[in-house]
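K.L.:
Sequence below, structure please.
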Amino acid sequence: MTHTGNAPADMIGRTRAALEKIRRTHHCMIVAVTGSIACGKTTVSGMLEELGAPLIDMDQIAREVVMPGTPGYDRIISAFGAGVVQPNGTLDRKALSGIVFADETKRRHLERITHPLIFDRFVEKLTQLSKVRPDSVIQAAVPLLIEMDIQHLFDRVIVVYLPEEIQLKRLAARDNISVDKAAAIIDSQLSAHEKKPYAHYVIDNSQGRSHTREQVNQVWLRLQQDKKQQHPDNDAQ
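P.N.:
Okay, the predicted model is just below:
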């Protein structure tokens with residue numbers, strides 16, 4: 001599901017205040033992992049998780065807040081009709097994406113429904129995690145971080161990079177779609193190359209898993225150093 005455009009200022013303000021409280025109270029560093037579709041965000045997040053960075057997956061949250069029986073689900077059905085419901089009662093995400101992909105007004109309406117729910121759930125999960133994992137690096141996998149212009153909410157941004165020709169082949173193979181359709185999906189988002197300037201750290205995922213893991217290990221060490229600088233008093237205790 002494609003979400004782009006700036007998030008509402010009041011929602012961002014609430015989220016920023018909540019994150020600042022978490023940093024202050026539990027001495028956590030909050031890191032965003034992003035990148036374009038099929039670039040390997042899941043792979044990198046998984047490696048960071050193995051190293052000790054608990055993960056909050058924003059795509060998973062986006063699915064949770066529109067499950068049947070939730071206010072998000074009811075609002076979407078009310079706005080877009082029964083045509084976006086599958087026979088089993090869950091949302092037909094492909095049908096919904098098809099509706100909003102070509103209609104800016106409908107896309108923005110969907111975002112007004114889902115974004116506050118997603119951000120509130122994110123803060124809830126982050127608050128819970130910070131209590132059980134104080135003084136840690138917590139990562140959030142946020143596919144459309146830059147498109148939504150929320151990179152400033154995070155202490156560090158990691159961009160997973162892949163050259164577009166490789167990205168195109170991986171997306172087509174992964175989703176079993178044509179190269180033309182894969183290209184249209186890629187073109188609807190900022191490219192991996194365009195996201196690189198927003199990164200504190202860039203991980204090139206084009207040369208195999210072992211090369212990616214090497215970079216992730218290096219970034220992890222840097223993040224530990226960054227966190228010590230962010231909370232020097234805590235480390236001195």
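
K.L.:
and the residue nearest the centre of the chain, what pLDDT?
P.N.:
Ranked by distance to the mean C-alpha position of the chain (Cα atoms, centre = their mean), the top residue is residue 142 at 1.0 Å. You'll see residue 142 listed with a pLDDT of 97.

K.L.:
State the mean pLDDT of stretch 104-116.
P.N.:
Stretch 104-116 carries an average pLDDT of 94.

K.L.:
buried ones in it?
P.N.:
107, 109, 110, 111, 113, 114, 115, 116 (16 or more other Cβ atoms under 10 Å). (Glycine included, C-beta is placed from N, CA and C.)

K.L.:
now swap in stretch 52-68 and tell me
P.N.:
Neighbour-count burial for stretch 52-68, counted by 16+ other Cβ under 10 Å, picks out 53, 54, 55, 56, 57, 58, 61, 62, 65, 66.

K.L.:
Where strands are concerned, which of those residues count?
P.N.:
Those of the buried residues of stretch 52-68 mapping onto strands are 55, 56, 57, per DSSP state E.

K.L.:
Model confidence score at the second one, please.
P.N.:
Residue 56 carries a pLDDT value of 99.

K.L.:
What residue, apart from its backbone neighbours, is nearest it spatially?
P.N.:
Nearest non-adjacent residue to residue 56, counting by Cβ to Cβ, 6 or more residues apart in numbering: residue 140, 4.6 Å away.

K.L.:
Repeat that for the last one.
P.N.:
Of all residues beyond its chain neighbours, the one nearest residue 57 is residue 141 (4.9 Å), with distances taken as Cβ to Cβ, 6+ apart.

K.L.:
need the next SSE after the lengthiest helix in the chain, C-terminal direction.
P.N.:
Secondary structure of the chain per DSSP state H: the longest helix is helix 104-132. Once the chain leaves helix 104-132, the next helix or strand it forms, by DSSP states H and E, is strand 137-141.

K.L.:
Could you name the helices and strands sitting against that next one?
P.N.:
Strand 137-141 sits against strand 29-35, helix 41-51, strand 55-57, helix 58-64, helix 104-132, helix 209-230, with contacts defined as 3 or more Cβ pairs under 8 Å, 6 or more residues apart in numbering; DSSP states H and E.

K.L.:
Can you tell me which of the ones you listed is most buried?
P.N.:
Of all the helices and strands packed on strand 137-141, strand 29-35 carries the top mean neighbour count, a mean of 25, counting by mean count of other Cβ atoms under 10 Å.

K.L.:
Tell me what angle it forms with helix 104-132.
P.N.:
With axes from the mean of the first three to the mean of the last three Cα atoms, to 10 degrees as the basis, strand 29-35 and helix 104-132 are set at 140 degrees to each other.

K.L.:
contacts for strand 29-35?
P.N.:
With contact meaning Cβ atoms under 8 Å, 6 or more residues apart in numbering, strand 29-35 is reached by 19, 22-23, 41, 44-45, 48, 53, 126, 136-146, 151, 153-162, 192, 195, 205, 223, 226-227, 230-231.
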